[in-house]
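[1] Below are the sequence and a predicted model; questions follow.
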Amino acid sequence: MQFLRLSLLLVFICQQVSSQIPFPDPNYKEIFGNDYNYARKSIEKHSWWSDTLSGDGLDPDFAFSIIFPELIRYSSIADYIEVKALEVLYVQYGRDYADFSVGLFQMKPSFAEMIEKDILKIDLLKTFPVLSKVQPDTSETIACRTERIVRLKDEYYQVLYLEAFIRIMDKLYPDPAFYSSGDKLIFYSTAYNTGYFKDESEIRKEISRKRFYLGMKATSTKYNYSDIALWYYLSMTDD
């Protein structure tokens, strides 16, 4: 009995130590400066984003940490975004001809298509009927693609696509697979950035890679997407 108690105590101590994830280096708030502040203020200004997710039973800090790097990048390229021609190509011919990032959360049509299909495939509508608002549709028609672009340009629907992404990930990777919320965020944010539909091994390989950059063209200095997401998350939850 004493051995059992000691074993349980050791497990508890290990869990407590492993759950305390330190802030990643470097200080991304200082590195990204005005773009970081823009991203944070966007979340604060749009309080209804958080209200929407909270009302649906999700943690807004966790959810917005996933897309926080995208908000930073959106700030850096906002003056150069011109996607009208790409929209026409996508609507007419599909994702093989044009797959581009749309809106504050920088979601691509191909991402939205996968989300819509998985909402139906995993049968999420029974448990989360609000997701029916993104109109899951697997058809390949001009009308369908037009409606998808309209949704992606609307902040409310981007929030719903983000919620759907988290619900899908929760189904694919139940909580016991993660030892802390920080560990879970690292995996989810990497999946969001690299493609959640990839194999788990592929997603985990991407966790340590540095591919994130600001501006329209790749730069020599790149950063780790999940590190930025985790940095923001810890800044919001560290009291």
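    Nice, thanks for sending it over.

[2] Count the neighbours of residue 46 for me.
    By the criterion of other Cβ atoms under 10 Å, residue 46 has 15 neighbours. C-beta: built from backbone N, CA, C; applies to glycine.

[3] Residue 211 now?
    12.

[4] what do you get for the one 3 residues further on?
    Applying other Cβ under 10 Å, we find 19 other residues in the vicinity of residue 214.

[5] got the contact list for the most centrally placed residue in the chain?
    The centroid of the chain falls nearest to residue 66 when counting by Cα atoms, centre = their mean (3.7 Å). The contact partners of residue 66, taken as Cβ atoms under 8 Å, 6 or more residues apart in numbering, are 162, 165-166, 185, 188-189, 192, 229.

[6] By neighbour count, which of those wins?
    Within these, residue 229 tops the neighbour count with 29 neighbours, counted by other Cβ under 10 Å.

[7] Can you verify my assumption that that one contacts residue 68?
    Yes: between residue 229 and residue 68 there is a contact under Cβ atoms under 8 Å: 5.6 Å.

[8] show me where the protein has helices.
    For the chain, the helices defined by DSSP state H cover 2-19, 28-45, 47-55, 60-77, 84-93, 109-121, 142-152, 155-172, 181-194, 200-206, 225-237.

[9] Leaving out chain neighbours, which residue sits closest to residue 211?
    Once flanking residues are discounted, residue 211 sits nearest to residue 222: 5.8 Å by Cβ to Cβ, 6 or more residues apart in numbering.

[10] isn't that neighbour right next to residue 212, touching?
    Yes: Residue 222 lies in contact with residue 212 (Cβ under 8 Å); the separation is 6.0 Å.

[11] the more surrounded of these two?
    Neighbours around residue 222 and residue 212, counted as other Cβ under 10 Å, are more numerous at residue 212. The numbers are 18 against 13.

[12] Look up which residues are beta-bridged to the more buried one.
    When assigned by DSSP bridges, residue 212 has beta-bridge partners residue 223.

[13] Is residue 226 in contact with residue 190, as I believe?
    Yes: under the criterion of Cβ under 8 Å, residue 226 makes contact with residue 190 at 4.8 Å.

[14] Mutual contacts of these two, please.
    In contact with both residue 226 and residue 190: residue 207, using Cβ under 8 Å, 6+ apart.

[15] Out of the two, name the residue with the larger neighbour count.
    Taking neighbours as other Cβ under 10 Å, residue 226 and residue 190 compare with residue 226 leading, 28 against 25.

[16] Report the separation between that one and residue 187.
    Using Cβ to Cβ, to the nearest Å, residue 226 is found at 8 Å from residue 187.

[17] Name the residues contacting each of these two.
    What both residue 226 and residue 187 touch, as defined by Cβ under 8 Å, 6+ apart, is the set residue 207.

[18] By mean pLDDT, which helix or strand of the protein comes out lowest?
    Ranked by mean pLDDT, DSSP states H and E, the weakest helix or strand in the chain is helix 2-19, scoring a mean of 38.

[19] For residue 115, state which of the contacts of residue 66 is nearest.
    Among the contacts of residue 66, residue 165 lies closest to residue 115 (Cβ to Cβ), at 6.1 Å.

[20] now the contacts of residue 66 as TSV including distance to residue 173?
    Below are the contacts of residue 66 laid out as TSV (distance: Cβ to Cβ, whole Å):
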residue	distance to residue 173
162	16
165	12
166	11
185	12
188	8
189	13
192	13
229	16
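
[21] Perfect, that will be all.
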